[in-house]
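Fold the following and give me the result.
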Amino acid sequence: MRPLTEEETKIFFEKLTKYIGENVKLLIDRPDGAYCFRLHNDRVFYVSEKLLRHAVSVHRDKLLSIGTCFGKFTKTRKFRLHITALDYLAPYAQYKIWLKVTAEQQFLYGNHIMKSGLGRISESTAKYQGVVVYNMADVPLGFGVAAKATSECRHAEPMAIVCFHQADVGEYIRSEDTLFG
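Model prediction:
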């Protein structure tokens, strides 16, 4: 386990900023203690510094996970956000999409969001902006990338894609063998 390099930090924070904007600072400077991001086996973990001090006594080869996995770096050094980061991204999300009840299941199966399943969308959401997806009861279901801006969504056809699927809570079941190991 090691701190992120300058290049890794840049790539990682660009991805986080896409979803939560300047609220990234709030993840690190928390009132309940100091938190940091650490890299282990190409995965980025969000961990309290208190827990990090205890983890030093565990050998690298024996350490599987520590803290919360936010995602992983691919072989091409791009960062892919995991669904395990949703609980930390949702409270700080700047742009949100709410799904109708009829579209929830389709999203949880890994499909993109169509205009017909769109309940609401945050004002001034730009095209290709990272969004957190909620159901109508304000329960976070996952995240994606807006395929159309808010203004374009109003005039789109019912079968037009308005949000590209990135991750959803259904991945805990679909990808449980690869998600954590």
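
how close does the closest residue to Asp168 other than its chain neighbours get to Leu108?
Take Asp168 and drop its neighbours on the chain: the residue closest to it by CB to CB, 6 or more residues apart in numbering is Gly142, 3.2 Å away. Placement of C-beta: from N, CA and C, glycine included. When distance is defined by CB to CB, to the nearest Å, Gly142 is 8 Å away from Leu108.

The two - which one has more neighbours?
Neighbour totals were compared for Gly142 and Leu108, and Gly142 leads with 25 against 20 (other CB atoms under 10 Å).

So that one sits against Gln166, correct?
Yes: the pair Gly142 and Gln166 passes the contact test of CB atoms under 8 Å, sitting 7.0 Å apart.

ok, then the element right after the helix of greatest length in the chain?
Assignment by DSSP state H gives helix 6-20 as the longest helix of the chain. From helix 6-20 onward toward the C-terminus, using DSSP states H and E, the following helix or strand is helix 24-28.

for that following helix, the distance to its chain's centre please.
Centroid displacement of helix 24-28 relative to its chain, using CA atoms, centre = their mean, to the nearest Å, is 14 Å.

buried residues in it?
Under the neighbour-count criterion of 16 or more other CB atoms under 10 Å, helix 24-28 has Leu27 buried.

Name the strands paired with the next helix or strand after that helix and say parallel or antiparallel.
Moving toward the C-terminus from helix 24-28, the next helix or strand (DSSP H and E) is strand 29-30. Strand 29-30 has its sheet partners listed here by DSSP bridges as strand 33-40 (antiparallel).

buried set for the partner strand?
Across strand 33-40, burial judged by 16+ other CB under 10 Å covers 35, 37-40.

cool, and stretch 104-112?
For stretch 104-112, the neighbour count (16+ other CB under 10 Å) marks 104, 107-108, 112 as buried.

for stretch 45-52, same thing?
Those buried within stretch 45-52 under the rule 16+ other CB under 10 Å are 45-48, 52.

What of stretch 89-103?
Using 16+ other CB under 10 Å, the residues of stretch 89-103 that count as buried are 89-90, 92-99, 103.

First-to-last residue distance for it?
Between the opening and closing residues of stretch 89-103 we find a distance of 22 Å, counting by CA to CA, to the nearest Å.

If you average the pLDDT over it, what comes out?
Predicted confidence along stretch 89-103 averages 93 (mean pLDDT).
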